[in-house]
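A.B. asks: Turn this into a model:
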Amino acid sequence: MDSLSKVTTALEALGSKRTGNDWNCPGPTHGNGDRRPSLGVSQGRRGVVLNCSAGCTPEQVLAELGLEWADLFDEPPEHRQEVARYPYTDEDGTVLYWKIRYEPKFFRLQRADGTWGLGDCRRVLYNLPAIITAVKQGWPVWITEGERDADHLGRMGIAATSNHDGASGKWKNEYTAFFKGAEVVIVADRDEPGVRHALDIRAALSGKAASVRIVQSKTTGKGDDISDHLHAGYGLDDLVPYRQKTGKYVPVDWYEAFSSQPAEEDWLFPPLIEAGTLNVLFGLPGVGKSLLVLDMILEILRDGKRVAVFDEENTVRDVVERLKKFGVYDPASLENLSWFSFPQLPALDTPEGGEHLTGIIDDCKPDMVVLDTTTRMVAGEENSASTWLQLYRNSLVPMKQRNIAVLRLDHQGKDASKGQRGSSAKDGDVDTIWRLKFADGGMLALEREKSRSGHGEDWILVERLQDPLRHVFKELDHFPVTPSIRKWADNFDRWDVPRDAGRPTLRAKIQELGEDKVSTTLLAMVAKYRKGLQ
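C.D. replies: Residues are numbered from 1 along each chain as shown. From the prediction side, this is the model:
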């Protein structure tokens, strides 16, 4: 029987139906059956080609059909040479079939009567009689991914087995019965299929075997197995327990938590950014957000800290030009600055984007990450709460877990009273929100609209100086008194508002009089000024 007929016969035996060149795929991704034929079966130049449009791999399809890779070819290529023949026997040691290994690496299955392929031949475990004896005697039994590894352990006096289709095949229910009450050690190859196969076996043996543990080679090459481990000179005691990456479910140690609290606030850039916090800076286009942040970054670098910037706004030429305006001409001073200009990351509100960002961060190890501009880095709708919840979950949580401060830059919406542009959910998961705006006397003002910690100031005046470009942060006690400040101070005196009144009282008074268009920054400066006149 030629290879194409062998495959189609196996499909028909499983009840698969054909439409043109497509068949109902028996692969494991079709839990409810393959309602529309998705498996393409065709004759290629060297053998049968299998292609499942729903994602099943050829190995998975072959495993369901009870076939091997070799069954896709009429004959193995002439240049391959047989190097090993592994017998698969029943409980009494009678050979049912052979798995033949060729070099270059290639496998074929042959029944005891010389027929290629397994057909309806019973599938069994390798070294089955030895496994049965070991379980009866209470000896540990080992499961490997291949016969070579099982033989390697067998030469050391260890009962070891494998299934003939390795990681590409399914662990069959009938295999599990042989391990009832046994102590089982599964050796997972160091690759994704090997680990998945080991986990599947552990799940099948759970509750049947007395104990099941998974170990891996101490060598860390991709695909390394027990043979690689032993050839490297390691012993069985050196095997590494497999740790499934499911997160760190460790409760808080309250004694450590209280003893490790800092004596004072841990500022990365006082008084705006605390270490390990999530922050937003927004404002109207042209107010100078990027310039202010670049100045902050340079100050953080001078403190020996590291910063990573993901910039979807400025070219490298733009950034260098601005750096020179700040007096930076030495590239060596920027060694701790990782700047990614138009990085084209996957959207950060997706798991893939979060994984890319986290991978880069783990390489750079920054103390602060800057995202400029955040709305350009997400795929979801700007006005959808889901977009910002997914951004937090996929990309911002890993930063917070690593105690990395994040500064998101964004634009102000058309309605200034509603803050930054987009859904209000953008504000939900951040620690601090700053609005940058123009103030009187050619100054800038930073207005803090949200603070979880309450540390620092709610209002900061900023003076932008030139040649070199820099920003000077001023206490509100030392701001320049402009005509507008004096005018409003006189108004409140005239309205008999006490001079020790704070900003909320002043705001309530002007709303009462219908003059509520006064900026919050100006009111804060007026309140400070009037208190100084007492």
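
A.B. asks: Which helix or which strand is home to the closest residue in space to T432 that isn't next to it in sequence?
C.D. replies: Spatial nearest neighbour of T432, chain neighbours left out: N279 (4.7 Å); criterion: Cβ to Cβ, 6 or more residues apart in numbering. Bear in mind the C-beta positions are built from the backbone N, C-alpha and C, glycine included. If you go by DSSP states H and E, N279 is part of strand 278-283.

A.B. asks: How about R196?
C.D. replies: Using DSSP H and E, R196 sits within helix 192-205.

A.B. asks: residues in contact with that helix?
C.D. replies: 143, 145, 166-168, 170-171, 173, 175-176, 179, 184, 186-189, 212, 214, 223, 225, 242, 244 (Cβ atoms under 8 Å, 6 or more residues apart in numbering).

A.B. asks: Walk me through which strands the helix or strand following it pairs with, and which way each runs.
C.D. replies: Following helix 192-205 in sequence order, the next helix or strand is strand 211-216 (DSSP H and E). Paired with strand 211-216 in the same sheet, following DSSP bridges, are strand 183-187 (parallel), strand 240-241 (antiparallel).

A.B. asks: May I have the residues that are in contact with the residue nearest to T19 when sequence neighbours are not counted?
C.D. replies: Sequence neighbours aside, P37 is the residue nearest to T19 in space, at 4.6 Å (criterion: Cβ to Cβ, 6+ apart). Listed by Cβ under 8 Å, 6+ apart, the contact partners of P37 are K17, R18, T19, G20, D22, W23, N24, C25.

A.B. asks: so which helix or strand takes in the residue positioned nearest the centre of the chain?
C.D. replies: The centroid of the chain falls nearest to E355 when counting by Cα atoms, centre = their mean (3.0 Å). Applying DSSP H and E as the criterion places E355 in helix 351-364.

A.B. asks: Residues in contact with that helix: which ones?
C.D. replies: Under Cβ under 8 Å, 6+ apart, the answer for helix 351-364 is 306, 308, 310, 338, 340, 345-348, 369, 377, 393-395, 398-399, 402, 404.

A.B. asks: and the gap between the residue nearest to T432 and E381?
C.D. replies: Going from N279 to E381 by Cβ to Cβ, to the nearest Å gives 23 Å.

A.B. asks: quick one, which of the two is more surrounded?
C.D. replies: Set N279 next to E381 and count neighbours by other Cβ atoms under 10 Å: N279 wins out with 23 against 11.

A.B. asks: Check what pLDDT that one gets.
C.D. replies: Looking at N279, its pLDDT stands at 94.

A.B. asks: Please list only the buried members of the contacts of helix 351-364.
C.D. replies: Neighbour-count burial (16 or more other Cβ atoms under 10 Å) is assigned, among the contacts of helix 351-364, to 306, 308, 310, 338, 345-348, 369, 377, 394-395, 398-399, 404.

A.B. asks: Can you list which of those residues are found in strands?
C.D. replies: Counting by DSSP state E, these place A308, F310, S338, V369 in strands.

A.B. asks: for the first one, what are its contacts?
C.D. replies: Contacts of A308 were listed using Cβ under 8 Å, 6+ apart, and they are L337, S338, W339, F340, I360, I361, C364, P366, M368, V369, V370.

A.B. asks: Can I get the buried part of those as one ChimeraX selection?
C.D. replies: Buried residues among the contacts of A308 (16+ other Cβ under 10 Å), as a ChimeraX selection:
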select :337,338,339,360,361,364,366,368,369,370
